[in-house]
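Asker: quick one, structure for this:
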Amino acid sequence: MRIRYLAAALGTAGAIGTTLFIGAPVASADGSVCNPGCEAAVDFKSYGEVFVVHDYASNGVGTIGQIDIKSGGVWYPYDDVINAKGYDAAPVTVNYEIAEGTAVRYRACQHNSTKGAFDCSGWHTDKA
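Answerer: Reported below is the predicted structural model:
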């Protein structure tokens, strides 16, 4: 399982970077992506760093949204958000605290305990 990596990757430098961005304008990079059949979809809203994972198919498998952050030119796994609630339930929403201006990428996949993530979309890149 991927883990939240921002604090470990950036350490004190991340805290200093956050301080420097206090007066910066609010980011406005919002996006959505779905897997090839659009059974799984994710939305990312940069204001508040809100990540939403949808399950759009009643097919017996869940969905997963994977989100990475970029630091020092390298992509680091940040979080996997699993939606195992099923088609009839509300999407799963997570509100992150990612430093303003940080590059993020995310994708949507179908998911089950046997295969893990499969049938994924391509990565979509935005900024927090």
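Asker: please, where are all the helices along this protein?
Answerer: 6-20 (DSSP state H).
Asker: what's the spacing between the most centrally placed residue in it and Phe51?
Answerer: The C-alpha lying nearest the average C-alpha coordinate of the chain belongs to Ile67 (C-alpha atoms, centre = their mean; 3.2 Å). Ile67 sits 6 Å away from Phe51 when distances are taken as C-beta to C-beta, to the nearest Å. Every residue, glycine included, has its C-beta placed from N, CA and C.
Asker: again with Asp30
Answerer: For Asp30 relative to Phe51 (C-beta to C-beta), the value is 11 Å.
Asker: which residues touch the residue lying closest to Trp75 once chain neighbours are set aside?
Answerer: Nearest-residue entry for Trp75: Asp68, 4.7 Å, with adjacent residues in sequence omitted and distances by C-beta to C-beta, 6 or more residues apart in numbering. With contact set as C-beta atoms under 8 Å, 6 or more residues apart in numbering, Asp68 has these partners: 75-78, 104-106, 123.
Asker: could you rerun that using 7 Å?
Answerer: By C-beta atoms under 7 Å, 6 or more residues apart in numbering, the contact list for Asp68 reads 75-78, 104-105.
Asker: next one: Ala40
Answerer: 34, 55, 63, 108-110.
Asker: now those residues as TSV including distance to Ala41?
Answerer: Shown next, in TSV, are these (distance: C-beta to C-beta, whole Å):
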residue	distance to Ala41
Cys34	4
Asp55	8
Thr63	8
Ala108	5
Cys109	10
Gln110	11
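Asker: among those residues, which one sits closest to Ala89?
Answerer: If you rank the contacts of Ala40 by distance to Ala89 using C-beta to C-beta, Asp55 comes first, at 7.5 Å.
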